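Enquirer: Need the 3D shape of this:
(one chain, ligands or ions: 3)
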Amino acid sequence: MKRIVVLGSTGSIGTQTLDVVAHHPEEFVIDGLAAGGNTDLLLEQVRRFRPRRVSVAGPEQADKLAPHLPAGTELFYGNEGLVELAAGGDAELVVTAVMGSVGLRPTLAALEAGRDIGLANKETLVTAGHLVTELARARGAAILPVDSEHSAIFQCLNGEPREDLAGITLTASGGSFRHLNREQLKDVTVEDALRHPNWSMGAKITIDSATMVNKGLEVIEAHWLFGLPYEQISVLLHPESIIHSFVEFQDTSIIAQLGNPDMRVPIQYALTYPRRLASPGERLSLAKVGQLHFREMDYERYPALRLAIECGKAGGLLTTAFNAANEAAVARFLRGEISFLRIEEILEEVIQRQANITLPGLEAIEECDRAARKLAAEL
Ligand SMILES: NC(=O)C1=CN([C@@H]2O[C@H](COP(=O)(O)OP(=O)(O)OC[C@H]3O[C@@H](n4cnc5c(N)ncnc54)[C@H](OP(=O)(O)O)[C@@H]3O)[C@@H](O)[C@H]2O)C=CC1
Ligand SMILES: CC(=O)[C@@H](O)[C@H](O)COP(=O)(O)O
Ligand SMILES: [Mn+2]
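Expert: Numbering: from 1, shown residues only. Ligands and ions are numbered 1, 2, ... in the order given. Next comes the predicted model:
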């Protein structure tokens, strides 16, 4: 049985990971669960999956949870708690499903301990891709993609010689406001932004999808995961989210991965790789889908995507600053403090002011993250 730790077990990816585990009780054991503030749901999960170790956001949540835990369960909290869960115990795979660059330290700790990662937390690769991928190589640990597009590319690349590859294309749904022009974006609400057309996801990634920042983060994520230059990574609008991404070869052949928009499929593949087990979801019926549509990406309509790719190409600290500024700006939008279009303006302003260095170390990255976050919160 594979021993698994889930960081962010109460979120969208975390709960679906536990659905997959519950569907295959003969395959997996939950060794650790980490959540933020949702102690009620975490307690339900603890009673069901009996992890030996749990972690919560801070001491208040720990005090609330402690009296209800089964005897012998170890309890941790804070960022140290995430690191302890990732690197302590004897799990084989750590699913990183926390939101944001808070995932960086625990991911590095898990890799340092030689654990494989089921990576949903794309912000970690965006903020410190070179550190994460180098460490994984050095420790012989695998980074198995959970993000649907990257899982699709991973499945399409399977065993193909790298020199035969022409490029990869990530598909993009267009997000909640894909039917609106930029003028119409002026007055959109948080509630509208949170209504993704195809996927049910956490709030932050749903906003990222509407600004197309999500696809920008995913281009950078693909650069690090697959070791490809930015020139070989394209984005295509595909409103149905049925083709999750595709790979094109030198002989002009294209191999694509298709499926219903159901994250349990890529999550399960990361958990069971290289095996494929029965999945709880519905089978895809192309006859029912009928038609699939594609459009060129419009970079004027989605300027944050262009900015993200420029930051990716520049490298160094720019992707760290982009990610941190975005996390802070999205949090402000969700609190109703700024308009939707202000998110993009803040990203531009933070990046314009960001000084760059090549191959920053962890300290420089964390310092840059703090400063960009602070600036984006104040602008
Ligand atoms: N949702 C999706 O379909 C997809 C998500 N991803 C990526 O997966 C990651 C998670 O996304 P998603 O599941 O949507 O996000 P959610 O907001 O739904 O969940 C986030 C999880 O992280 C926990 N968390 C947040 N902050 C902390 C913290 N400081 N310490 C410990 N735990 C914390 C939350 O705990 P609590 O709720 O208890 O506070 C929750 O369990 C993101 O990086 C996202 O980009 C990638 C592809 C698809
Ligand atoms: C499910 C998943 O992987 C999300 O990252 C999804 O891709 C969001 O969709 P869009 O960013 O294409 O709207
Ligand atoms: Mn995705």
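
Enquirer: where do the strands sit along the stretch 151-300 of the chain?
Expert: Under the criterion DSSP state E, counting those that start in this stretch, the stretch 151-300 of the chain contains strands at 165-172, 233-237, 243-249, 254-258, 295-296.

Enquirer: could I get those as a markdown table with mean neighbour count and distance to residue 130?
Expert: Bear in mind the C-beta positions are built from the backbone N, C-alpha and C, glycine included. Formatted as a markdown table, the strands of the stretch 151-300 of the chain follow (neighbours: other C-beta atoms under 10 Å; distance: least, C-beta to C-beta, whole Å):
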| stretch | mean neighbour count | distance to residue 130 |
| --- | --- | --- |
| strand 165-172 | 21 | 20 |
| strand 233-237 | 19 | 17 |
| strand 243-249 | 21 | 23 |
| strand 254-258 | 16 | 27 |
| strand 295-296 | 10 | 31 |
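
Enquirer: Redo the ones you listed as TSV? Include distance to residue 157 and mean pLDDT.
Expert: Shown next, in TSV, are the strands of the stretch 151-300 of the chain (distance: least, C-beta to C-beta, whole Å; pLDDT from 0 to 100):
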stretch	distance to residue 157	mean pLDDT
strand 165-172	7	98
strand 233-237	13	98
strand 243-249	6	98
strand 254-258	8	98
strand 295-296	24	98
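
Enquirer: Export those to JSON lines and append columns for distance to ligand 2.
Expert: Formatted as JSON lines, those follow (distance: least, C-beta to the nearest ligand atom, whole Å):
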{"stretch": "strand 165-172", "distance to ligand 2": "4"}
{"stretch": "strand 233-237", "distance to ligand 2": "9"}
{"stretch": "strand 243-249", "distance to ligand 2": "8"}
{"stretch": "strand 254-258", "distance to ligand 2": "12"}
{"stretch": "strand 295-296", "distance to ligand 2": "13"}
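
Enquirer: Quick one: closest of these to residue 336.
Expert: Within the strands of the stretch 151-300 of the chain, the stretch nearest residue 336 is strand 165-172; the backing value is 26.6 Å (C-beta to C-beta).

Enquirer: Relative to the closest one, what are the paired strands and their orientations?
Expert: Strand 165-172 has the following strand partners under DSSP bridges: strand 233-237 (parallel), strand 243-249 (antiparallel).

Enquirer: out of these, nearest to residue 52?
Expert: Closest among the strands paired with strand 165-172, once you apply C-beta to C-beta, is strand 243-249, at 34.7 Å.
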